[in-house]
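Participant: Predicted coordinates and the sequence they were generated for:
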Amino acid sequence: MSIFRREDPPSSSKEDSSPRDRSSKSPPQRQQRRRPARPENRARSQIAPGCKIDGEVEGKSDLLIDGEVEGRIRLDSDLTIGRKGRVKGDVTARNVRIGGRVVGNVEGREKVEILDSGRLEGDVVAPRVVLAEGSFFKGKVEMSGAGGDSRTQAGRKSS
């Protein structure tokens with residue numbers, strides 16, 4: 001008996017089951033779980049709870065902040081501020097997800113998202129901005145696309 005594969009109940013004798021009956025049943029198919037593919041194999045860094053950094057943070061890897069950072073953050077990749085994360089300073093990254101608290105201006109080249117536990121006190125500049133229900137935001141939003149300012153493009157007629 002196998003705990004990973006389902007087997008037929010034992011028959012009363014070997015003579016009762018013909019080879020044709022056994023071969024007509026196909027073995028159970030295993031379903032593979034697939035994780036969403038990351039566009040690149042980027043490294044990830046973390047500032048853990050209890051850790052505090054004073055100064056400028058720059059890098060090319062994704063960054064998760066669960067500790068505290070006081071100073072400017074500039075990344076070529078994604079930034080996530082966890083629920084316990086605290087940032088005091090301006091932030092620039094490809095995508096910014098805020099689950100903790102940020103006091104400063106935030107610029108996302110692709111998207112800025114404030115999660116339900118997130119607090120942002122500062123201005124946002126990004127093509128896409130997401131505010132979850134329950135999040136806190138105090139500042140102004142400027143949404144601009146890659147092709148220019150969204151206010152300019154909204155006034156154009158499509159031909």
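Facilitator: All right, it came through fine.
Participant: which residues of the chain fall in helices?
Facilitator: 19-24, 150-154 (DSSP state H).
Participant: and these, which one is worst for confidence?
Facilitator: When the helices of the chain are compared on mean pLDDT, helix 150-154 scores lowest, with a mean of 37.
Participant: I'd say Leu75 and Glu58 touch.
Facilitator: Yes: counting by CB atoms under 8 Å, Glu58 is a contact partner of Leu75 at 7.2 Å. Glycine gets a C-beta too; all of them are placed from N, C-alpha and C.
Participant: Same drill for these two, tell me which one is more crowded.
Facilitator: Leu75 (21 against 10; other CB atoms under 10 Å).
Participant: any weak-confidence spans in the protein?
Facilitator: Applying pLDDT under 70 to the chain flags the ranges 1-42, 145-159.
Participant: What is the burial count for the spatially closest residue to Leu131 that is not a sequence neighbour?
Facilitator: Setting aside the residues directly before and after it, Leu131 is nearest to Ile114 in space (CB to CB, 6 or more residues apart in numbering), at 5.1 Å. Using other CB under 10 Å, Ile114 is surrounded by 24 other residues.
Participant: quick one: Ile114 from Gly99, how far?
Facilitator: Ile114 sits 8 Å away from Gly99, going by CB to CB, to the nearest Å.
Participant: try Leu75
Facilitator: For Leu75, the distance to Gly99 equals 17 Å [CB to CB].
Participant: Then Leu120?
Facilitator: 11 Å.
Participant: Which residue of these two possesses the greater neighbour count?
Facilitator: The residue with more neighbours, out of Leu120 and Gly99, is Leu120; 26 against 22, by other CB under 10 Å.
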